[in-house]
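[1] Structural data only, the sequence is not supplied:
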């Protein structure tokens, strides 16, 4: 597999973890570095691993179903860093309400050993 | 100056170009690569240098005033690539309507000679 294929697979793993709504799987998708950052659609920037993981816990607590169809626009790999630009086709059930929509995402990864882990996720609503 | 300081300055130059509402200045802030990408707040992903520059032309045509206060959260430099996560405090006059708000942004740069140029801009509204 090429570096780009491996990073594309890591990107898919992040969305599979998101779909499980399982905080342990989401925790495993993120780098251990304390300085990770995250922007959920419509939210202000969240800084720090503890705060980022807490935000996922909050989302998972209110979400019953989350299904993604990911269209990758670009993948760049440079040394131990990589970034993916993709569009999330999203179907979710949050607080009992079904939502379908489109989210644009920028995901940045760092290589740790053989794993590519998230250091930044930025999702934004298409309105 | 450190690499991070130089990239932070390139990030500031992008926002100064944005404030001028001058398409030539904005053109100069972007990499010549055709594969650049851009997400404006609430917009779908735009792919390709021509399409991205056209989107700036459309924004500038409808905008009378654009003023930013930038708070940088993180800067990473790896070889000839760099990325900045920042919050844009924004005051704008678009179609005659004054708006103040907050935008979260991820900006990715590539080094070309001595210049750091944008290859990806992702802005999202804080709602």
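    Thanks, I have the structure now. Just so it is clear, the model here is predicted, and its values are computed rather than measured. Residues are numbered from 1 along each chain as shown, chains lettered A, B, ... in the order given.
[2] Just give me the neighbour total for residue A:50.
    11 (other CB atoms under 10 Å in any protein chain shown). Quick note: C-beta positions are derived from backbone N, CA and C, even for glycine.
[3] What separation do you get for it and residue A:17?
    Applying CB to CB, to the nearest Å, the value for residue A:50 to residue A:17 is 18 Å.
[4] now the strands for chain A?
    A:37-39, A:46-47, A:63-78, A:81-94, A:97-112, A:115-125 (DSSP state E).
[5] Select, out of those, the one closest to residue B:111.
    Ranking those by proximity to residue B:111 (CB to CB) places strand A:63-78 first, at 10.8 Å.
[6] Remind me what the closest one packs against, helices and strands.
    Applying 3 or more CB pairs under 8 Å, 6 or more residues apart in numbering or on different chains; DSSP states H and E, we find strand A:63-78 packed against helix A:3-20, strand A:81-94.
[7] Show me what residue A:81 bridges to in the sheet.
    residue A:78, residue A:110 (DSSP bridges).
[8] What residues are bridge-paired with the closest residue to residue A:18 other than its chain neighbours?
    With sequence-adjacent residues excluded and distances taken as CB to CB, 6 or more residues apart in numbering or on different chains, residue A:18 is closest to residue A:66, at 6.0 Å. Beta-bridge partners recorded for residue A:66 (DSSP bridges): residue A:92.
[9] before we move on, back to that, for the strands of chain A, give me TSV that also has mean neighbour count and mean pLDDT.
    Shown next, in TSV, are the strands of chain A (neighbours: other CB atoms under 10 Å in any protein chain shown; pLDDT from 0 to 100):
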stretch	mean neighbour count	mean pLDDT
strand A:37-39	24	98
strand A:46-47	18	98
strand A:63-78	16	95
strand A:81-94	19	95
strand A:97-112	18	96
strand A:115-125	23	97
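[10] Now render the helices and strands packed on strand A:63-78 as JSON lines, adding distance to residue B:93.
    As requested, these are arranged in JSON lines below (distance: least, CB to CB, whole Å):
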{"stretch": "helix A:3-20", "distance to residue B:93": "38"}
{"stretch": "strand A:81-94", "distance to residue B:93": "30"}
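[11] residue contacts, residue A:103?
    A:41, A:87, A:88, A:90, A:123, A:124, A:125, A:126 (CB atoms under 8 Å, 6 or more residues apart in numbering or on different chains).
[12] same thing but 10 Å
    A:40-41, A:68, A:86-90, A:122-126, B:124 (CB atoms under 10 Å, 6 or more residues apart in numbering or on different chains).
[13] just curious, which of those residues is nearest to residue B:45?
    residue A:87 (5.8 Å).
[14] check contacts around the closest one.
    By CB under 10 Å, 6+ apart, the contact list for residue A:87 reads A:68-73, A:102-105, A:126, B:39, B:44-45.
[15] Try it again at 8 Å.
    If you count contacts by CB under 8 Å, 6+ apart, then residue A:87 has A:70, A:71, A:73, A:102, A:103, A:104, A:105, B:44, B:45 around it.
[16] Let me know how buried the last one is, in neighbour terms.
    So that's residue B:45. Residue B:45, neighbours per other CB under 10 Å, totals 23.
[17] Got the phi and psi for it?
    Backbone torsions of residue B:45, given as degrees, to the nearest 10, read phi -60, psi 140.
[18] Not counting sequence-adjacent ones, nearest residue to it?
    Residue B:45's closest residue in space is residue A:104 (CB to CB, 6+ apart), at 4.9 Å.
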